[in-house]
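Quick check, what structure comes out for this input:
(one chain, ligands or ions: 2)
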Amino acid sequence: MSKSKEAKTNYLKLLLPYVKKDKGLLLFGLFAMLVTSALRLLDPLILAHIIDKSIPNNDLTEMFRYGIFFVVVVIFSGLLSYLQIVLLSRLGIKIITQFKSSVFKHLLKLPIPWFNQQPVGELIARVESDSERVKVLFSELSIMIIGNMLFFVGVFVVLFTREPGITALMVPAILVSIVVYWFLIKYLSKFYKRIRERYADITAKITDYVQGMQLIQVLNQEERVIKELEESSKAKKNLETKTSFIEYGSQGVFMFIFNVVFVVAIILISAPKILVGAITLGTLIIFVQYMYRMIWPLMHISENVMQIQRSFVSLKRILELTELGTEDELFTGSKQPSFDHEIVFEDVWFAYKDEEWILKGVSFTIPKGSQLALVGASGSGKTTAISLLCGFYPIQKGHILIDGQELSSLDFRAWRSKIGLILQDIFLFPGSILENVRVYNDEVPDEDVHKAINIVQLDEFIHNQELGLDAELAERGQNISQGEKQLISFARALAFHPELIIMDEATASIDPQTEAKIQRTMKTVLSGKTAVIVAHRLTSVLEADQILFFKDGEIIDRGNHHELMQTSEEYRKLVELQMLSEDKSE
Ligand SMILES: Nc1ncnc2c1ncn2[C@@H]1O[C@H](COP(=O)(O)OP(=O)(O)OP(=O)(O)O)[C@@H](O)[C@H]1O
Ligand SMILES: [Mg+2]
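Residues are numbered from 1 along each chain as shown. Ligands and ions are numbered 1, 2, ... in the order given. Alright, predicted model coming up:
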């Protein structure tokens, strides 16, 4: 228990820098909270004074004065609590926006291996919804909890000084009802959790279905999908109905107990005393008024406490993200890279996990200006090899040398800036073609973008777009063809004048015409450049200076096309297979 408490304070401390900038706002919010809580106590006391003193004394001027005082207090406390909510909510939003962006900035620096283990949905949920939960810590929650606590203390102090007998009777009754209500909320929270799970389940299903819409329609699965979603929705609906029945039912009972049972009890107890003059009518009014004012805060106390617990869980989860080591901690090299001669892989061993070797002693040399093709079966380690070359993962054994310098000793950002990477799964950002080519880097001059577009022969395609380069691409480039996507990704790699082009050919097949165009383009793109190509198409390997044949993480054969046709059984098989499929497609 004490440990978790310690953790909480630590995490709160980490939030301090965000709050510091707006210390004034926070202090004002807290001060306003103090004043509104005091004012909430005050107006029944004024009313009591009028009833107990001014009326019996027939003092009209005093009655009038206190009446105005009463009105002023009510209006002022209303205004102040409004101001306080607005200000503190603004503070919450501001803090959390900064918080979110610093979390996201940190995410951008995390090493690729870490992302491999993260379900994307969960990550998004962490950054987005967890931060929202943390936000309430600053705004609504803190106002309610601290404000109400102050108010309760005030209530009991006033009541005890006025009428200790009745107050002593009231306290246990109120405590018992809070405890009962607490258990009820605990019980309900299980339902809330199940509702949230159902909700997440439905959202996930809908996301999947929308993404696979074409398949669903082609396979005529609409009915089944509808049925499945309906069943999920129905289950959620039933659960929600049951929950709200319990929730509102118990709220009703709780309110009845406070509003009616307790109030009647107070009246019954105090009535005889009022008759003999031991208690004034004003005191009774104070009791009844305070009772009414305590109901809502009391009912929400258990909920709020649970919300706070959840906020802390969220805070902890987000802060765990920010505590993860960045790439800069993983790759500490600082030498400036130069690439004038060659890249050498020397007996490189690599495993994503433990000792499950994916690359087993791979060695090869890429002289500057030459083109290397990697071929081999699916899963043989080709993509892995080029990921290592980009410096996404540290290797376990062996050396990767750039002009004789260890890759791990280089400043990894400087090294990556020399690489034009074209991935197997082409990724396009939602945004314009222009933004996709220069990847939001305004320093890339328009001229370079146009040149790149021209080299990949996309001029005509761009020309046909109404907005030209500013034509918007949908998420993941769904509104353009596979071939156009590839060409855009070529242009992207070119616009940065890379010294090394690394390309993982897309496995998806495209029509022969586009294919031919891509081949022509590649020739121009690659001529005279150093390139490493994971080749899935025969045409790409024919031109390569050197071909490495990968099998189960090892290079089993190497040479150019003609040499391999002579020496490698496996390579010949691969070529024959390719030719067969090409014959078919023509
Ligand atoms: N991020 C990863 N985490 C763990 N294992 C991985 C990861 N990426 C790939 N692997 C495993 O490493 C092996 C090699 O994968 P790799 O992607 O390098 O193959 P590939 O030769 O590029 O195949 P393809 O031709 O299908 O693209 C596979 O067995 C794969 O399951
Ligand atoms: Mg691959």
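
how close does K135 get to ligand 1?
If you measure K135 against ligand 1 using Cβ to the nearest ligand atom, to the nearest Å, the figure is 34 Å. Heads up, the C-betas are built off the backbone N, CA and C, glycines and all.

Count residues in the vicinity of that residue, would you?
Other residues lying near K135 total 23 when counted by other Cβ atoms under 10 Å.

Identify the residue nearest E228 in space, chain neighbours excluded?
Spatial nearest neighbour of E228, chain neighbours left out: K205 (7.0 Å); criterion: Cβ to Cβ, 6 or more residues apart in numbering.

Please apply the same query to K529.
Sequence neighbours aside, I501 is the residue nearest to K529 in space, at 5.6 Å (criterion: Cβ to Cβ, 6+ apart).

if I pick that neighbour, what's in contact with it?
Residues counted as contacts of I501 (Cβ atoms under 8 Å, 6 or more residues apart in numbering) are I419, G420, I422, A493, V525, L526, K529, T530, A531, V532, I533.

and those as JSON lines, adding secondary structure, distance to ligand 1 and neighbour count?
Conversion of the contacts of I501 to JSON lines gives the following (DSSP: H, G, I helix; E, B strand; the rest coil; distance: Cβ to the nearest ligand atom, whole Å; neighbours: other Cβ atoms under 10 Å):
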{"residue": "I419", "secondary structure": "strand", "distance to ligand 1": "17", "neighbour count": "20"}
{"residue": "G420", "secondary structure": "strand", "distance to ligand 1": "19", "neighbour count": "23"}
{"residue": "I422", "secondary structure": "strand", "distance to ligand 1": "13", "neighbour count": "22"}
{"residue": "A493", "secondary structure": "helix", "distance to ligand 1": "18", "neighbour count": "22"}
{"residue": "V525", "secondary structure": "helix", "distance to ligand 1": "21", "neighbour count": "22"}
{"residue": "L526", "secondary structure": "helix", "distance to ligand 1": "20", "neighbour count": "18"}
{"residue": "K529", "secondary structure": "coil", "distance to ligand 1": "22", "neighbour count": "16"}
{"residue": "T530", "secondary structure": "strand", "distance to ligand 1": "20", "neighbour count": "22"}
{"residue": "A531", "secondary structure": "strand", "distance to ligand 1": "17", "neighbour count": "26"}
{"residue": "V532", "secondary structure": "strand", "distance to ligand 1": "12", "neighbour count": "25"}
{"residue": "I533", "secondary structure": "strand", "distance to ligand 1": "12", "neighbour count": "26"}
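
can you narrow the residues you listed to ones near ligand 2?
The residues of the contacts of I501 that also fall near ligand 2, by Cβ under 5 Å from the ion, amount to none at all.

Looking at those, spot the one nearest L372.
Nearest to L372 out of the contacts of I501 is V532 (Cβ to Cβ; 4.9 Å).

Would you check how far apart the closest one and V375 are?
12 Å (Cβ to Cβ, to the nearest Å).

repeat for M291
Spatial separation of M291 from V375 under the definition Cβ to Cβ is 82 Å.

can you check E355 too?
According to Cβ to Cβ, E355 stands 26 Å off from V375.

ok, now L123?
If you go by Cβ to Cβ, the gap between L123 and V375 works out to 34 Å.

before we move on, what about V575?
As for V575, its distance to V375 is 10 Å (criterion: Cβ to Cβ).

Looking at those two now, which is surrounded by more residues?
The residue with more neighbours, out of V575 and V375, is V375; 27 against 18, by other Cβ under 10 Å.

Smallest gap between the protein and ligand 2, at which residue?
T383 (3.1 Å; Cβ to the ion).

so who does that residue touch?
Taking Cβ under 8 Å, 6+ apart as the criterion, T383 is in contact with Q424, D504, V534.

For it, give me the pLDDT.
The score at T383 is 92. That number is its pLDDT.

Kindly report the same for R476.
Per the predicted model, pLDDT is 66 at R476.

same check, this time on S585
According to the prediction, S585 has pLDDT 49.

And for I510?
What the model reports as pLDDT for I510 is 68.

Same check on K529?
On the pLDDT scale, K529 gets 87.

Offset the numbering so it begins at 525, please.
With 525 as the first residue, the last one maps to K1053.

these two touch, right, it and S894?
No. Contact criterion Cβ atoms under 8 Å: K1053 and S894 do not qualify, at 9.4 Å.

Okay then, goodbye and thanks.
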